[in-house]
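[1] coords please:
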Amino acid sequence: MYSNVDELLDDPSIEVLDIAVPPDGQSEIIFKACAARKVRGILAQKPLGVNFAEARNIVRACENAGIVLAVNQNGRYDPSIRALKMALDQGLLGDPILATIDMRGIPHWMPWQARLGWVTLRIMSIHHIDAFRYWFGNPERIYASVRSDPRTRFPHEDGICVYILEYASGLRCVAIDDTWTGPAREGGPADIRIQWRVEGLSGTAMGDIGWCRDPYTTPSTMKLGCLGDSQFTDYSWERSWFPDAFGGTMAQLLVALENETEPEISGRDNLYTMALVDAAYRSASLHRAVTLQEIMNPQ
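    Numbers count the residues shown, from 1 in each chain. Purely as a prediction, here's the structure:
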């Protein structure tokens, strides 16, 4: 056991750090690790710092120190999310036309969120924005609209979030992140779920992410139907987003270290997700679409 971070970083046997602290405490630990230059890899939590600018500084510090940085963007490791990626890569759906994610869930907010004033965009929506990027690459712009969640008592703006990602191809990705879901905790019936749907020129896929229902962990599922099929094919997994995805995020870092390759969810790749989250906040504030480049390369 160590009494502080400095003692841990002085231990030459520590090769990989899994940093699980609130976002506003991550950069201090990462910068110390970079200065010490003893660890080989870091798995940082999402969000990677408090905003895009801090995330970029973290990425640069790790690169300069020769430390491999990965981000625990664990939504990518839900089985249904990964299965759809395989179907898209194989061209089973053809050119994607419309993709949606519909979250009706009541997350467990952390005490530090009251201090930072964040609710949904940087904590839950970041997973869905990253999933869209994982499936389709980077969009040109995002338009977001937010309102407060009546159940969340501390001051915030981004309780219930609706946003659209616009791609040059014409693809539109739409998400509704509803943390209210009606009076499900106040005595009303509950409809708790996270579902996604992707429609392409050659097929349609629909999925259900295994999380936030009773029992807490439920299997992830997917339906896939393509031109020529008479009906959808059903897929299900014993694993789900929580808690199984966490094994994937650490594993991809360890594999990268062993093979001397870039992690699947590298810090540099995650900068695009962080920039889109910042763009969503700006969009909601200014009531207009905000481009990815407006955040990453401001004039």
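[2] what about the nearest residue to residue 170 once chain neighbours are set aside, distance to residue 171?
    Using C-beta to C-beta, 6 or more residues apart in numbering and skipping residues adjacent in sequence, the residue nearest residue 170 is residue 97, 7.5 Å away. Backbone N, C-alpha and C define where each C-beta goes, glycine included. From residue 97 across to residue 171, the span is 7 Å (C-beta to C-beta, to the nearest Å).
[3] Can you tell me which helices and strands the helix or strand containing the residue nearest to residue 170 packs against?
    Taking DSSP states H and E as the definition, residue 97 sits inside strand 96-104. Packing partners of strand 96-104 (3 or more C-beta pairs under 8 Å, 6 or more residues apart in numbering; DSSP states H and E): helix 126-136, strand 172-178, strand 193-200.
[4] Pick out whichever of residue 97 and residue 171 has more residues nearby.
    residue 171 (21 against 15; other C-beta atoms under 10 Å).
[5] I'd say that one and residue 136 touch.
    Yes. At 6.2 Å, residue 171 counts as touching residue 136 under the criterion of C-beta atoms under 8 Å.
[6] So for these two, which residues contact both of them?
    Applying C-beta atoms under 8 Å, 6 or more residues apart in numbering, one finds that residue 171 and residue 136 are jointly contacted by 96, 99.
[7] tell me the domain ranges of the protein?
    The record's domain split for the chain, according to automatic domain parsing, is 5-74+245-266, 77-236.
[8] so which of those comes closest to residue 285?
    Across the domains of the chain, residue 285 has its closest neighbour in domain 77-236 (8.5 Å, C-beta to C-beta).
[9] Quick one: residues contacting the most centrally placed residue in the chain.
    The centroid of the chain falls nearest to residue 127 when counting by C-alpha atoms, centre = their mean (2.3 Å). Taking C-beta under 8 Å, 6+ apart as the criterion, residue 127 is in contact with 46, 73, 74, 75.
[10] redo that, cut-off 7 Å
    Shown in contact with residue 127 (C-beta atoms under 7 Å, 6 or more residues apart in numbering): residue 75.
[11] roughly how far apart are it and residue 72?
    Counting by C-beta to C-beta - residue 127 and residue 72 are separated by 11 Å.
[12] before we move on, back to that, mind putting the domains of the chain in CSV, distance to residue 291 included?
    Converted to CSV, the domains of the chain look like this (distance: least, C-beta to C-beta, whole Å):
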stretch, distance to residue 291
domain 5-74+245-266, 13
domain 77-236, 4
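[13] possible to save those domains as JSON lines with mean pLDDT and distance to residue 285?
    Shown next, in JSON lines, are these (pLDDT from 0 to 100; distance: least, C-beta to C-beta, whole Å):
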{"stretch": "domain 5-74+245-266", "mean pLDDT": "95", "distance to residue 285": "14"}
{"stretch": "domain 77-236", "mean pLDDT": "95", "distance to residue 285": "8"}
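[14] Quick check: which of those domains is nearest to residue 280?
    It's domain 77-236; of those, that one is closest to residue 280 (C-beta to C-beta) at 4.0 Å.
[15] one step back: thought residue 198 was touching the residue nearest to residue 170, still the case?
    No. Counting by C-beta atoms under 7 Å, residue 97 stays clear of residue 198, with 8.6 Å between them.
[16] what sits against the closest residue in space to residue 65 that isn't next to it in sequence?
    Spatially, and ignoring its direct neighbours in sequence, residue 65 is nearest to residue 34 (3.8 Å; C-beta to C-beta, 6+ apart). Going by C-beta under 7 Å, 6+ apart, residue 34 touches 61, 62, 65, 67.
[17] Quick one: classify residue 34 as helix, strand or coil.
    What DSSP: H, G, I helix; E, B strand; the rest coil gives for residue 34 is helix.
[18] That one and residue 18: what is the separation?
    Plainly put, residue 34 is 16 Å away from residue 18 if you go by C-beta to C-beta.
[19] What are the phi and psi values at residue 162?
    phi -130, psi 130 (degrees, to the nearest 10).
[20] which residues does it bridge with?
    In this entry, residue 162 is beta-bridged to residue 145, residue 176, by DSSP bridges.
[21] That one: neighbouring residues, count only.
    16.
[22] repeat for residue 261
    Neighbours of residue 261 (other C-beta under 10 Å): 12.
[23] Excluding chain neighbours, what is closest to it?
    residue 255 (7.6 Å).
[24] Which residues are in contact with each of residue 97 and residue 171?
    With C-beta under 7 Å, 6+ apart as the test, residue 97 and residue 171 reach no residue in common.
[25] buried ones in the longest helix seen in the chain?
    If you go by DSSP state H, the chain has its longest helix at helix 267-286. Using 16 or more other C-beta atoms under 10 Å as the test for burial, helix 267-286 gives 267-284.
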